[in-house]
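> Give me the fold of what follows.
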Amino acid sequence: MPASVVIVGGGVMGLSAAWHLRREDPGVRITVLERAEPGAAASGASAAGVRVMGRDPAERALALASLARWADLGRELEGETGYRRGGGLRVALDDTAWRQVPAWVAEQRADGVPVEVLDAASAWRLAPGLTPEARGGVLCALDGQAEALPTVHAFANAGHRLGVRVEAGVAVTGLVVDRGRVVGVARADGTGQAGDVVVLAAGAWSAALLAPLGLRLPIETRALQMLLTEAAPAALDPVIGAFERKLSLKQLATGAYLIGGGWPARIDEASVNAWTLQDDSVSASLQVAREVHPPTGRCPLARGWAGLEAFMPDDLPVLGPVPGLDGLLIAAGFSGHGFALAPMVGDVLARLALGRPAREELWKGLRMDRFDLETGER
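Model (predicted):
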């Protein structure tokens, strides 16, 4: 049983792991080291979608288990997550997309994802204002949305109440290894932080910490854009996506529309925030949103931002032990769709750190050893 655990990264994954660990074993000393502020990178900039529909088969079981916890997560954390389950609706805008729906639905149902096909009239009733061009859509009633920073803060505050120590503004410069076991980390202030187990949840910065150890984690850092409109009358409950379109559209409790879908921003190391919005991405994203849901086009754009996301070549995260290094666990490379998985990712990491059964049936396809870590190839 570990006496101490060091978690590198104060995003939603690292904070979830810290809270789960401390809840399971109050005797373990837990320190979270965050290079900026909790949630300052991908977690705080997330669209905060909570979905299982449309995921890769390798992460569906983990997503289903996570979604089962979101309804009670605010109560568990004694904090606000802004979660609401309004469903997820993916619409087909033309005959080609509509013909793909039966096979797409059948493949997900085979893994237990509860999706149903809606005709055009039913889709419009569910999402008033949807384009009349839509042939229909696919609904997953389990899907919903939360609020990114409130959820990060809820995990952080819940951990703090249990005795988790979070140190902000502390960059980690390396992993300390002794005879094949990670025994701590080196901090940018020149000191060390010992730990019986180290959890690497540093997002886009994870690969750089593994590289000096001869492990090539093939992460690509991308900046993903989010747009927020001015408020409009509340009318949209489900999160809207579209076949063959880059779109994630949701209406927040404030009435504002939040628009995502994977549109890129430019990574700018000279910028304080390390990103700059691109005019072509902004205009293209707004155009798709207006095409699918025309009322969005009547709302002025209020602001936009981006978050630095760690993408893996297969768009799936790596989770669990690091081959060849005892005492090190990883949760990284969530490829723009990790937020919803945070409850179960934290639970898995806590179980692994404590040496307990970790429900590997949920995440066996996400193990790091699916890649050759000498070449970074799968």
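
> Could you list the low-pLDDT ranges of the chain?
270-273, 376 (pLDDT under 70).

> domains of it?
Structurally, the chain divides into domains by automatic domain parsing as follows: 4-65+148-219+314-370, 88-141+221-311.

> Tell me which of those lies nearest to residue 78.
Nearest to residue 78, of all those, is domain 4-65+148-219+314-370, at 6.2 Å by CB to CB. Yep, even glycine has a C-beta here, placed from its N, CA and C like the rest.

> Please settle this for me: is residue 67 part of a helix?
Yes: assessed by DSSP: H, G, I helix; E, B strand; the rest coil, residue 67 belongs to a helix.

> Quick check: it touching residue 141?
No: Residue 67 sits out of contact with residue 141 when judged by CB atoms under 8 Å, with a separation of 10.6 Å.

> Quick one: residues contacting residue 89.
Applying CB atoms under 8 Å, 6 or more residues apart in numbering, we find residue 89 in contact with 118, 123, 126, 127, 137, 138, 139, 238, 239, 240, 241.

> returning to what we had before: with neighbour numbers in mind, choose between residue 67 and residue 141.
Between residue 67 and residue 141, counted using other CB atoms under 10 Å, the more crowded position is residue 67 (22 against 15).

> Any figure for the gap between the spatially closest residue to residue 80 that is not a sequence neighbour and residue 73?
Take residue 80 and drop its neighbours on the chain: the residue closest to it by CB to CB, 6 or more residues apart in numbering is residue 150, 5.1 Å away. Applying CB to CB, to the nearest Å, the value for residue 150 to residue 73 is 11 Å.

> Of the contacts of residue 89 - the most surrounded one?
residue 137 leads those on contacts (other CB under 10 Å) with 30 neighbours.

> can you give me the helices for the stretch 51-200 of the chain?
Remark: helices assigned in the stretch 51-200 of the chain by DSSP state H, counting those that start in this stretch are 57-77, 95-109, 120-126, 148-162.

> for these, which one sits closest to residue 32?
Closest to residue 32 of the helices of the stretch 51-200 of the chain, according to CB to CB: helix 148-162, at 7.5 Å.

> any idea which of the domains of the chain is most buried?
domain 4-65+148-219+314-370 (a mean of 21; mean count of other CB atoms under 10 Å).

> Using TSV, lay out the helices of the stretch 51-200 of the chain together with distance to residue 40.
As requested, the helices of the stretch 51-200 of the chain are exported to TSV (distance: least, CB to CB, whole Å):
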stretch	distance to residue 40
helix 57-77	20
helix 95-109	34
helix 120-126	36
helix 148-162	9
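
> So for residue 44, which of these sits nearest?
Using CB to CB, the nearest of the helices of the stretch 51-200 of the chain to residue 44 is helix 148-162, at 4.9 Å.
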